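*Asks:* no FASTA, just this:
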């Protein structure tokens, strides 16, 4: 099945699939922009590192009740007289670091970062430590001397600060460094095409148009997502009844 929708495909938002979509779309966007901006600019892929954690628990004590401290010396030779009891084992999930990529448009050869592009993930939008970490980094970008672009193609979770004045399924946000106190917001629904927007660069440089919709269709075809998406099941999160009926009509075509 070719790409079935005019804009965002809501079945791609599934959290089990989105990490793959996120990685491929970031890479495809970097390749597309790199070809348009050379030789003046280099488009690099950076990463945010997060640590996934267990649900938080109240801290009972800052210090251990008993500590075993290494002081050197020979190996312990004492043999226990009594037989030790047999425990049963429980596997616990350990915190695992994971990386989420973003893009930097850098001036050549100085390496000065001119524009940062973020593609939001589920970890950015759901309540928790990962969102708090991202919001701190986002605040730094919004107050720094760089252009900032934030792409939100996920209906799940809470919208980012300053972006939810108009109801929308998805949003593209552009903050230009010459206008630090204003955001350009492109809201759109699941039924609409993804807006094409100019990428901010240094003054007097021609700004390339970013066609995310076309890039997403390219990713869909190259990754062959049609092989793993079950369109007979509703997307996550579910669509409203009217949007679900519209989506079904697109699939039927």
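*Replies:* Arrived safely. Remember, it's a predicted structure, so these values are computed and weren't measured experimentally. Residues are numbered from 1 along each chain as shown.
*Asks:* quick one: the helices in this protein?
*Replies:* 15-37, 122-125, 129-142, 212-223, 241-252 (DSSP state H).
*Asks:* which one of the ones you listed is the most hemmed in?
*Replies:* Greatest average neighbour count among those goes to helix 122-125 (a mean of 20), per mean count of other CB atoms under 10 Å. The way it works is simple: take the backbone N, C-alpha and C, and place the C-beta from them, glycine included.
*Asks:* With residue 158 as the reference, name the closest of the helices of the chain.
*Replies:* helix 122-125 (6.0 Å; CB to CB).
*Asks:* what's the closest one packed up against?
*Replies:* helix 129-142 (3 or more CB pairs under 8 Å, 6 or more residues apart in numbering; DSSP states H and E).
*Asks:* ok, back up a step: using a markdown table, lay out the helices of the chain together with mean pLDDT.
*Replies:* Formatted as a markdown table, the helices of the chain follow (pLDDT from 0 to 100):
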| stretch | mean pLDDT |
| --- | --- |
| helix 15-37 | 95 |
| helix 122-125 | 93 |
| helix 129-142 | 92 |
| helix 212-223 | 97 |
| helix 241-252 | 97 |
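*Asks:* now these in a markdown table, with distance to residue 111?
*Replies:* Listed next are the helices of the chain as a markdown table, based on distance: least, CB to CB, whole Å:
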| stretch | distance to residue 111 |
| --- | --- |
| helix 15-37 | 14 |
| helix 122-125 | 26 |
| helix 129-142 | 18 |
| helix 212-223 | 25 |
| helix 241-252 | 44 |
